[in-house]
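K.L.:
Starting from these lines, generate the structure:
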Amino acid sequence: MLLKDVNSGQNCIIENINLPFQMEQRLQALGMTKDTTISVLNRKGKGIMIIKLRGTRLALGYNMTKNIAVKKVGEAS
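P.N.:
From the prediction side, this is the model:
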């Protein structure tokens with residue numbers, strides 16, 4: 001499942017980030033690493049969302065959310 005498909009109010013776990021190297025490194029520096037739990041606080045339109053990551057709110061655009069693979073909390077691999 002991709003992050004762009006997660007609904008508001010749901011929690012999920014990062015499985016894979018498939019972004020250009022510098023963008024991926026920046027997200028990792030902010031704490032978005034594999035097996036990190038995030039919460040989707042708000043969605044606007046087509047994949048644009050505000051997430052809560054390690055106590056910090058981040059806004060992500062569609063081009064980012066369509067390249068981040070996640071699984072819902074409690075889902076088996």
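K.L.:
Contacts for stretch 22-31, please.
P.N.:
17-19, 53-54, 56, 58, 64 (CB atoms under 8 Å, 6 or more residues apart in numbering). For glycine as for every other residue, the C-beta is placed from the backbone atoms N, C-alpha and C.
K.L.:
can you confirm Glu24 is in a helix?
P.N.:
Yes. When DSSP: H, G, I helix; E, B strand; the rest coil is applied, Glu24 is found to be in a helix.
K.L.:
ok so, going back, now intersect the contacts of stretch 22-31 with the strands, please.
P.N.:
Counting by DSSP state E, the part of the contacts of stretch 22-31 found in strands is 17, 53, 56, 58.
K.L.:
Who is the closest residue to the second one other than its chain neighbours paired with across the strands?
P.N.:
Same thing as Leu53. Leaving aside its sequence neighbours, Leu53 sits nearest to Ile38 (CB to CB, 6 or more residues apart in numbering; 5.0 Å). Under DSSP bridges, the beta-bridge partners of Ile38 are Cys12, Leu53.
K.L.:
rewinding a little: need the ones in strands among the contacts of stretch 22-31 in a markdown table (columns: neighbour count).
P.N.:
Output for the ones in strands among the contacts of stretch 22-31, formatted as a markdown table (neighbours: other CB atoms under 10 Å):
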| residue | neighbour count |
| --- | --- |
| Ile17 | 19 |
| Leu53 | 18 |
| Thr56 | 10 |
| Leu58 | 17 |
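K.L.:
which one of these is nearest Met32?
P.N.:
Leu53 (5.7 Å; CB to CB).
K.L.:
one step back: which among the ones in strands among the contacts of stretch 22-31 gets closest to Lys4?
P.N.:
Nearest member of the ones in strands among the contacts of stretch 22-31 to Lys4, counting by CB to CB, is Ile17, at 13.2 Å.
K.L.:
Gly9 versus that closest one, what's the distance?
P.N.:
Applying CB to CB, to the nearest Å, the value for Ile17 to Gly9 is 22 Å.
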